[in-house]
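Mind looking at a prediction? Sequence and model below.
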Protein chains: 2
Amino acid sequence: MARKKQYNEVEVLEKAMNLFWKNGYKTTSMQMLEQEMGINKFSIYSSFGNKHSLFLESLKQYKSRVNTVLKKFKNGTNGIDDIKTFFYDSVRSNFKKENEKGCFLTNTYNEFCETEDELVKEQMDTFMNSLKEIIIEKLQMDSNKSKETVLKQANYLLLAKHGLAAAARVNTNEEIEDYIEMTFKNL
Amino acid sequence: MARKKQYNEVEVLEKAMNLFWKNGYKTTSMQMLEQEMGINKFSIYSSFGNKHSLFLESLKQYKSRVNTVLKKFKNGTNGIDDIKTFFYDSVRSNFKKENEKGCFLTNTYNEFCETEDELVKEQMDTFMNSLKEIIIEKLQMDSNKSKETVLKQANYLLLAKHGLAAAARVNTNEEIEDYIEMTFKNL
DNA sequence: TTTATTTCTAAACGATTGTTTAGTTATTGG
DNA sequence: CCAATAACTAAACAATCGTTTAGAAATAAA
């Protein structure tokens, strides 16, 4: 028995996510969010609480999107080749778009690694850990590898993935492709 | 015929650099700088102009420090081994310290890559270009490599260096060591 | 149509941002 | 010792930050 919301909460969250993704947390102001989301500050606060919780929601939204890629990754049966495909899939979204924003999670990791924001760090860690698990799983498919080698290579690939995500913002598609190919030559 | 400065400009600049290095530009406030540098806002402004120019000075200070490592790198005669040594030297400072701040230039690159701050970008580009030049030079010492291979490997190493710097903030010394060894396995 | 309830607009909130200014303190040269 | 000059302290500046609030507009049920 009252007025209806004139916006879709998922749609405006998606827009907020893209803005945080591009500019980071600190640089993105409520004024910018207002403009990008197309709704009033009041509406933002009534739907998402405050800036920080809106950021956390954006992170979760991103993770649920990434989860699709992660599931495909997990379900593969080709060992190292699956990891390579995952690397390509991770930067694939950037290949199409005009503006490369890298990986939202990695960007956030870099922005928050000196802070004491436990909520954000928690979001990061759960993702990194599940990623590491899958990579180890894939590497273990090759029965020739010792346990030590598996762990060493997993660390290598995790760090390479982190670096790739960071570098994907400023490098060309060709450079990125070369990098991935070279990375897997070493295994 | 007047009062003397009660602080050393190079010393306080070094302290400002460390704060920017750790927290980035946006997160570091004048209040934080006041406290860290141990001098009043007035003194900061009279010595360095404003926050932005203080940041640029901090970048230059960092670059001049890195230049020592870069010169050693350039003067080597061992080709790829020199590059590897340079990679180790680049993260060496982190090995000792309690708090890993990564590479100030890479951190800045990541923070500013979506902005239009030409002065900061200029500082970044000159460094990246000179780095790429040296890497190509080193790779060319191996006369077996084709021109194409050299360029491809140079791009690979530059991206790996970028990624390493980004990851060095959140990874352990062991992981970093493993990563570098793996990176140079098949060049 | 009226009334209750919710969403909207827009202005204002206190706190913090980077920056400036007025006034005090200290040091140097005469 | 005195006067001139530079560096200090501390308060205030306007602008912007994230956040809240009061009142108008709109919609559903009676």
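Nice, I can see it.

was I right about residue A:101 contacting residue A:107?
Yes. Between residue A:101 and residue A:107 there is a contact under C-beta atoms under 8 Å: 7.4 Å. Glycine gets a C-beta too; all of them are placed from N, C-alpha and C.

neighbour-wise, which of those two wins?
Neighbours around residue A:101 and residue A:107, counted as other C-beta atoms under 10 Å in any protein chain shown, are more numerous at residue A:107. The numbers are 24 against 18.

element containing that one, please.
Under the criterion of DSSP states H and E, residue A:107 resides in helix A:104-112.

Check which element follows that helix along the chain.
Taking DSSP H and E, what comes next after helix A:104-112 is helix A:118-140.

Quick one: list the elements packing against that following helix.
The helices and strands touching helix A:118-140, judged by 3 or more C-beta pairs under 8 Å, 6 or more residues apart in numbering or on different chains; DSSP states H and E, are helix A:51-75, helix A:80-96, helix A:104-112, helix A:147-167.

Of these, which is nearest residue A:125?
helix A:104-112 (9.5 Å; C-beta to C-beta).

Is the helix holding residue A:107 positioned near DNA strand D?
No. Counting by C-beta under 7 Å from any atom of the strand, DNA strand D has no neighbours in helix A:104-112; the shortest distance is 13.4 Å.

That helix: how far from the chain's middle?
Distance of helix A:104-112 from the chain centroid (C-alpha atoms, centre = their mean, to the nearest Å) equals 8 Å.

what angle do it and helix A:147-167 make?
Relative orientation of helix A:104-112 and helix A:147-167, computed by axes from the mean of the first three to the mean of the last three C-alpha atoms, to 10 degrees: 80 degrees.

Contacts made by helix A:104-112 with the rest, please.
Helix A:104-112 is contacted from outside by A:17, A:20-21, A:24-26, A:58-59, A:62-63, A:66, A:101, A:120-121, A:123-124, A:127, A:162, A:165-166, A:169, B:24, B:107, B:110-111, B:166, B:169-170, using C-beta atoms under 8 Å, 6 or more residues apart in numbering or on different chains.

what about the closest residue to chain B within chain A, distance to residue A:109?
In chain A, the residue that lies nearest chain B is residue A:163 (1.6 Å; C-beta to the nearest C-beta). Going from residue A:163 to residue A:109 by C-beta to C-beta, to the nearest Å gives 12 Å.

Tell me where chain A is predicted with low confidence.
Chain A contains residues with pLDDT under 70 at A:1, A:93-99.

So which residues on it come close to DNA strand D?
Residues of chain A lying close to DNA strand D (C-beta under 7 Å from any atom of the strand) are A:1-4, A:28-31, A:41-42, A:45, A:50-52.

overlap in contacts of residue A:101 and residue A:107?
Shared contacts of residue A:101 and residue A:107, counting by C-beta under 8 Å, 6+ apart, come down to A:21, A:169.

For stretch A:144-163, buried residues please.
By neighbour count on 16 or more other C-beta atoms under 10 Å in any protein chain shown, the buried set for stretch A:144-163 is A:145, A:150, A:152-163.

Check stretch A:25-33 too.
Within stretch A:25-33, the residues that count as buried by 16+ other C-beta under 10 Å are A:25, A:27, A:28, A:33.

How about that stretch and chain B, any contact?
Yes. For stretch A:25-33 and chain B, the contact criterion (C-beta under 8 Å from any C-beta of the partner chain) is met by A:26, A:27.

Next, report how far that stretch is displaced from the centre of its chain.
The chain centre lies 19 Å from the centre of stretch A:25-33; the measure is C-alpha atoms, centre = their mean.

Contacts made by that stretch with the rest, please.
With C-beta under 8 Å, 6+ apart as the contact definition, stretch A:25-33 has outside contacts at A:16, A:19-20, A:23, A:41, A:44, A:51, A:54-55, A:108, A:111-112, B:26-27.

rerun at 7 Å
For stretch A:25-33, contacts defined as C-beta atoms under 7 Å, 6 or more residues apart in numbering or on different chains pick out A:16, A:19, A:20, A:41, A:44, A:51, A:55, A:111, B:26, B:27.

Next, the distance between the ends of that stretch.
End-to-end span of stretch A:25-33 (C-alpha to C-alpha, to the nearest Å): 11 Å.
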